[in-house]
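Novice: The sequence isn't on hand, but the structure is:
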């Protein structure tokens, strides 16, 4: 049994925590909403209200400081699953998420945490026209991608704990599928660009394997080895769900970005659950 702390029990963190508990682990989970504390507790998670500050060197209040200390106490592994939240497209907005991670670092250093798994995104690569591997140099084009690259570096360079970076492709699940947002829309861009998606069940299973196999100080890309074009895939999914078909632009795109998960398949001996896609 391992003692694990999950920072961010949202769409992915909550079912992940449930699965880890099911496998015999003890899990502490954080939320920024007091209303959600009871939900975590009912799921068998030891709940904590943790609100990281966006201001250098401080937290929101003294209670937050104690909560973070208690949240990390006695845990060996910390899973960070808090996506960047952008408020404005500016140089200052770039620092918001990064500052939260920097404020968290001293608490990790003083705790029993020896392993950190940081949930990142393949958006750090931008729209490159090539096969993307872990050796590809990040070249983020979005604000969130830029924040993630900086946060990754802060964690990786810290010698007080081992960090594995897990970069997921587009997230999908039973309650979350991009076709619901694209249905009925017209003149959608990049019709022939390949999709790079990963199902929630694969996300959870891959994290389990990293922990079980102790694969630390690594970088992994994770997207299903299934890359039909956007137009082909979303048209088919709209038909399956009886949604209004999306209409794509007739202009072909130059984006041929394909995320390779060969490293995960080889090192973790992992096989994706393609029937869910």
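Specialist: Cool, got the structure. Source: prediction; values computed, not measured.

Novice: can you list the weak-confidence ranges in this structure?
Specialist: Regions of the chain meeting the criterion pLDDT under 70 cover residues 54-64, 86-94.

Novice: contacting residues around residue 105?
Specialist: 154, 155, 158 (CB atoms under 8 Å, 6 or more residues apart in numbering). Any C-beta I mention is one placed from the backbone N, CA and C, and that applies to glycine too.

Novice: So it lies in a helix, does it not?
Specialist: Yes - with DSSP: H, G, I helix; E, B strand; the rest coil as the criterion, residue 105 is located in a helix.

Novice: And it, how close does it get to residue 82?
Specialist: To residue 82, residue 105 is 14 Å away according to CB to CB, to the nearest Å.

Novice: mind checking how far residue 109 is from residue 161?
Specialist: Counting by CB to CB, the gap from residue 109 to residue 161 is 8 Å.

Novice: May I ask which of the contacts of residue 105 has the most neighbours?
Specialist: Sorting the contacts of residue 105 by how many neighbours each has (other CB atoms under 10 Å) puts residue 155 first, at 22 neighbours.

Novice: Validate this expectation: that one resides in a helix.
Specialist: Yes - judged by three-state DSSP, residue 155 forms part of a helix.

Novice: Name all residues that make contact with it.
Specialist: Applying CB under 8 Å, 6+ apart, we find residue 155 in contact with 80, 101, 105, 116, 118, 163, 165.

Novice: can you tell me which of these are in strands?
Specialist: The strands, defined by DSSP state E, take in 80, 116, 118, 163, 165 from the contacts of residue 155.

Novice: So in terms of bridging, what pairs with the closest residue to the third one other than its chain neighbours?
Specialist: Meaning residue 118. Once flanking residues are discounted, residue 118 sits nearest to residue 80: 4.9 Å by CB to CB, 6 or more residues apart in numbering. Counting by DSSP bridges, residue 80 is bridged to residue 7, residue 118.

Novice: Now do the contacts for residue 269.
Specialist: For residue 269, the contact set (CB under 8 Å, 6+ apart) is empty.
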